[in-house]
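*Asks:* need coordinates for the below:
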Amino acid sequence: MIDLNITKIQIDYLLFIRNYKGSKTITEASIFFNCSRVNSKKILDRMIIIGVLYKENKEYAVSYTHLRAHETDSYL
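*Replies:* Numbering: from 1, shown residues only. Here you go, the predicted model:
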């Protein structure tokens, strides 16, 4: 298995995106984590760059294909 090398806060954000029932936007993340929108955007955008999230219509979603590829050590 390949190490994704993500931080604890990125894991927290990943779980937020996966489990939160409301809108998964920068604003909702900043409210949930009680931080600025700028910091939430930086964290979420970094996770897009490493491939664990994607953004569609201003909402973030988990890239299960990318995560599964890391589990199997190959890209689908």
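*Asks:* quick one: distance of the top helix by length along the chain to the chain centre.
*Replies:* The longest helix of the chain (DSSP state H) is helix 37-50. Helix 37-50 sits 8 Å away from the centroid of its parent chain (Cα atoms, centre = their mean, to the nearest Å).
*Asks:* ok, now stretch 17-29?
*Replies:* Distance of stretch 17-29 from its chain centroid, counting by Cα atoms, centre = their mean, is 10 Å.
*Asks:* if we can go back for a sec, buried sites along the longest helix of the chain?
*Replies:* Residues of helix 37-50 classed as buried under the neighbour-count rule (16 or more other Cβ atoms under 10 Å) are Ser40, Ile43, Leu44, Met47. Placement of C-beta: from N, CA and C, glycine included.
*Asks:* now stretch 15-33
*Replies:* In terms of neighbour count (16+ other Cβ under 10 Å), stretch 15-33 has its buried residues at Phe16, Ile17, Lys24, Thr25, Ile26, Glu28, Ala29, Ser30.
*Asks:* quick check: the two most widely separated of the residues you listed?
*Replies:* Using Cβ to Cβ, the two most remote members of the buried residues of stretch 15-33 are Ile17 and Ser30, lying 13.3 Å apart.
*Asks:* tell me which of the buried residues of stretch 15-33 fall in strands.
*Replies:* Taking DSSP state E, every one of the buried residues of stretch 15-33 sits outside strands.
*Asks:* among these, which one lies nearest to Lys8?
*Replies:* Nearest member of the buried residues of stretch 15-33 to Lys8, counting by Cβ to Cβ, is Phe16, at 12.7 Å.
*Asks:* what's the pLDDT at that closest one?
*Replies:* Among the per-residue scores, Phe16 holds a pLDDT of 95.
*Asks:* so what's Phe32 closest to, chain neighbours aside?
*Replies:* Phe16 (5.9 Å; Cβ to Cβ, 6 or more residues apart in numbering).
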